[in-house]
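S.K.: need a structure here:
(2 chains)
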There are 2 protein chains.
Amino acid sequence: MLSPKIIVLSTGSELTAGRSQDTNSSWIANELFGMGFTVSKFMVLPDDPSILQEEIRTLAALSTKEQPVLIVMTGGLGPTEDDYTLEVTCKLTGVGSVESPIARKRIETIYKLRGRNFQEALQTAIRQISVPENSIILNNSVGIAPGFIVSLGENAYLSCMPGVPGEMTSMFQEELSPWISKNFSAQELHSGFRFIWWMSESQFQKEFISKEKTILSGKVIWGVAAKRGYIRVSFQSADRKAVNELLEKLDTVYGAKSTLDVFEELPKILTERKITVGTAESCTGGLIAKTLTDRAGSSAYFYGSIVSYDNSIKSGLLGVQQETLDTFGAVSKETAKEMAEGALIALKTDYTISVTGIAGPGGGTPEKKVGLVYFGIGQKNGSTEVQEHYFPFSRSSFREFAAHTGIYLLYNHLKRFT
Amino acid sequence: MLSPKIIVLSTGSELTAGRSQDTNSSWIANELFGMGFTVSKFMVLPDDPSILQEEIRTLAALSTKEQPVLIVMTGGLGPTEDDYTLEVTCKLTGVGSVESPIARKRIETIYKLRGRNFQEALQTAIRQISVPENSIILNNSVGIAPGFIVSLGENAYLSCMPGVPGEMTSMFQEELSPWISKNFSAQELHSGFRFIWWMSESQFQKEFISKEKTILSGKVIWGVAAKRGYIRVSFQSADRKAVNELLEKLDTVYGAKSTLDVFEELPKILTERKITVGTAESCTGGLIAKTLTDRAGSSAYFYGSIVSYDNSIKSGLLGVQQETLDTFGAVSKETAKEMAEGALIALKTDYTISVTGIAGPGGGTPEKKVGLVYFGIGQKNGSTEVQEHYFPFSRSSFREFAAHTGIYLLYNHLKRFT
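M.R.: So this is what the prediction gives:
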């Protein structure tokens, strides 16, 4: 088995016109990486059959005896006039199209269940259930359109999946991924990552990466992605020990600022220890609560939130003293502390996260600049911890920095004190 | 002046490995579209100098006397070892690099302001302020690295900007966009769009698009993007009247379900009419509040929210009767109504949006399936409006459908009744 040159291709005029964002390519690349494959490039093309045909032909021509080409394409399999993937594939392979019997059965069942007039709707929907003759069919367990794999010449393969993320991701995992693993040789790579909090990419490169011999020698490949509030540092190597050594060093150098994925770890801790939480949010406007409830099962530990955007809610529902607001202001250590403590009473949880800050662009003063933010971690049996931070970025960045930091602070508190 | 073939190119191994998402290409394409230019394709490449060089050379070779090629590239201009854009550009053009005097001045000012040891940090940062000799410099008014434009052969141009979105967007608008408009010929296109609520792409194509002569004849180009809760339908044409006729027809056919961008329009209405709002959220976990506070100035109309994930918060803070919860359940018309009305009292706002539903994947029953959701629109002086919806999708889709629908329902209520 050979290691392929993989190109991830998306089609959609909505994409190249910038009206819609291609999230499929990233997702696919990430999955392939986990399987031990590397993607050579992404390409996004408009829904234009002649452009699609020419580009796919050019990509397929890159295959050699030593390195096959695998094109992983999404989009253009829907029922509308501007869906050309089937037509283009048939032209490239010189075959006609046939109906997938499984998809036919599925569409009949779905339309009956929906109670819609099957015969009328069929006219539009039927395009979706066809695949090129002699292709390998990729079944769609979520939507209607099946995907398919065809061979383009001797050592090039084109796989096509729908562009709807929910359909594509299931199809990839259930159908395409096993086929790829069976037919191509993957590299066994070990990888690991850490979040490093409140750190910039260039600072990190200077003070850590530039001194690591296993990285400078190319034995370990490193990557860094700047997120809001943290950078995600990853290492990959055929040598597991070298990766682990770097991860351990990160933990030593950065201490509590080096963490696993807190968005995965915090729910585990809360569930295991049967801890309940709630939030009192001002500048984040509910984003911490939203983030804490992103995953299923969060009702086990998340009770609720009071979003106190207006000061009347801070005093009315969270019991922040009017005197505190008058003396120290809504954006202050004192208010953050009273918000966290007020939320403990109002929400009746074991812990609370409070946040109050100046998201901007307006609202800053010489003393309290846009970007200033205070956090409180309140606990039923113990004193409230308060921290000051400064995130002088755009409004949406600021809000994500603040929401992520709030979640990190609770995680860190639970790691240290319980 | 000629109309160029435009390729938007992003570089970053984090992108092709799927660890980070390329949002720059979409943004650029959308801007170019607004300027009357169409993008031929997007390409995303890893940080590999030989791949970058080869692909850029291939793209430049596509230029003809009639159609110039313009490559709009982002990324690879940072201070780290894996930033190759400058090096590759110098190789492609056969020139050396020089420091941008403006960038040099800027970096000195910034480092002094930051109070950091300039000499020490300079070593890392200096790479960022160089540009190829004889290039057109694109100043960076947000960050450090300048961008540049070089000519590749007779009729091909490569423009390079940093990958950091905040730096790139300012540089594009202030520096690159005027240069493009001055040097290339744009098409004057008129465009317009509508949101159509709770509509599928294929249903819309069947019942609307397939009957429109100006679309079938190609006079008007249409596009549709499926969002969560609505589709965004857009029309473009050199003929303004044809676009307007289609928009008016959408409004006639779909009535209140055809709207402008409610996320822009609702804040306008609330601000103009001095209406205050709050939310009472269960399944959305604060996402409506977060969305309502995404934009600056939202404190003028948004007071706060009670996220009542646990039933104890629904009864404790929102005053939902225990009897209502016992008899009808937390996910019911009755609970949605009492949540909206309880929030009016607790938050003291003119209007409230309430939502309670089953986000899944667990928690469904034969009577109340995953995807069922109830909304309430409460008003200080008037009765509460309640609606039932069914969004049988993934957890994250469901939550976005529900949050968007909640905002739409308030918008629609205000349009109809005030």
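S.K.: those residues of the stretch 151-300 of chain A touching chain B, which are they?
M.R.: Neighbours of chain B within the stretch 151-300 of chain A, by C-beta under 8 Å from any C-beta of the partner chain: A:164, A:166, A:201-202, A:205-206, A:209, A:223-225, A:232, A:234, A:279, A:281, A:284-290, A:292-299. In this view, the C-beta of every residue, glycine as well, is placed from N, C-alpha and C.
S.K.: hmm, try it at 6 Å
M.R.: Applying C-beta under 6 Å from any C-beta of the partner chain, one finds that the stretch 151-300 of chain A approaches chain B through A:166, A:202, A:205-206, A:223, A:225, A:285-287, A:289-290, A:293, A:296, A:299.
S.K.: narrow those to those in helices?
M.R.: A:Gly166, A:Ser202, A:Gln205, A:Lys206, A:Leu287, A:Ala289, A:Lys290 (DSSP state H).
S.K.: now do the SS call for A:Ser185.
M.R.: Here A:Ser185 is recorded as coil under DSSP: H, G, I helix; E, B strand; the rest coil.
S.K.: taking the ones in helices among the residues of the stretch 151-300 of chain A next to chain B together, which two end up most distant?
M.R.: A:Gly166 and A:Lys206 (42.0 Å; C-beta to C-beta).
S.K.: give me the low-pLDDT residue ranges for the stretch 301-418 of chain A?
M.R.: A:418 (pLDDT under 70).
S.K.: show me where it has strands.
M.R.: Applying DSSP state E, counting those that start in this stretch to the stretch 301-418 of chain A gives strands spanning A:302-308, A:351-357, A:372-379, A:385-390.
S.K.: closest to B:Met171 out of those strands?
M.R.: strand A:385-390 (25.2 Å).
S.K.: now the ones in helices among the residues of the stretch 151-300 of chain A next to chain B in a markdown table, with neighbour count?
M.R.: Below are those laid out as a markdown table (neighbours: other C-beta atoms under 10 Å in any protein chain shown):
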| residue | neighbour count |
| --- | --- |
| A:Gly166 | 14 |
| A:Ser202 | 19 |
| A:Gln205 | 18 |
| A:Lys206 | 18 |
| A:Leu287 | 29 |
| A:Ala289 | 34 |
| A:Lys290 | 26 |
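S.K.: least confident pick among these?
M.R.: Minimum pLDDT for these is recorded at A:Ser202 (78).
S.K.: residue contacts, that residue?
M.R.: B:Pro79, B:Thr124 (C-beta atoms under 6 Å, 6 or more residues apart in numbering or on different chains).
S.K.: in TSV, list the strands of the stretch 301-418 of chain A along with mean neighbour count.
M.R.: Formatted as TSV, the strands of the stretch 301-418 of chain A follow (neighbours: other C-beta under 10 Å):
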stretch	mean neighbour count
strand A:302-308	30
strand A:351-357	28
strand A:372-379	26
strand A:385-390	16
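S.K.: what pairs with whichever strand or helix holds A:Cys160, parallel or antiparallel?
M.R.: For A:Cys160, the element it lies in under DSSP states H and E is strand A:156-161. Strand pairing for strand A:156-161, determined by DSSP bridges: strand A:69-74 (parallel), strand A:147-151 (antiparallel).
S.K.: so A:Gly406 makes contact with A:Thr356?
M.R.: No. Using C-beta atoms under 6 Å, A:Gly406 is not in contact with A:Thr356; the gap is 10.8 Å.
S.K.: could you tell me which residues touch both of these two?
M.R.: Common neighbours of A:Gly406 and A:Thr356 (C-beta under 6 Å, 6+ apart) do not exist.
S.K.: residues near A:Ile196, how many?
M.R.: The tally of other residues near A:Ile196 (other C-beta atoms under 10 Å in any protein chain shown) stands at 21.
S.K.: is it part of a helix or strand, or is it coil?
M.R.: Put simply, A:Ile196 is strand when judged by three-state DSSP.
S.K.: next one: A:Cys90
M.R.: Following three-state DSSP, the label given to A:Cys90 is helix.
S.K.: now do the closest residue to it other than its chain neighbours against A:Ser159, distance only.
M.R.: Leaving aside its sequence neighbours, A:Cys90 sits nearest to A:Pro132 (C-beta to C-beta, 6 or more residues apart in numbering or on different chains; 5.2 Å). Computed as C-beta to C-beta, to the nearest Å, the A:Pro132 to A:Ser159 distance reads 12 Å.
S.K.: which of these two has more residues huddled nearby?
M.R.: Taking other C-beta under 10 Å, A:Pro132 and A:Ser159 do not tie; A:Pro132 has more neighbours (26 against 23).
S.K.: quick check: that one touching A:Leu92?
M.R.: No. A:Pro132 lies out of contact with A:Leu92 (C-beta under 6 Å); the separation is 8.9 Å.
S.K.: residues in contact with A:Asn311?
M.R.: Residues counted as contacts of A:Asn311 (C-beta under 6 Å, 6+ apart) are A:Leu325, A:Ala330.
S.K.: who wins for proximity to B:Ser396 among the strands of the stretch 301-418 of chain A?
M.R.: Closest approach to B:Ser396 among those (C-beta to C-beta): strand A:302-308, 16.0 Å.
S.K.: right, I'll leave it there.
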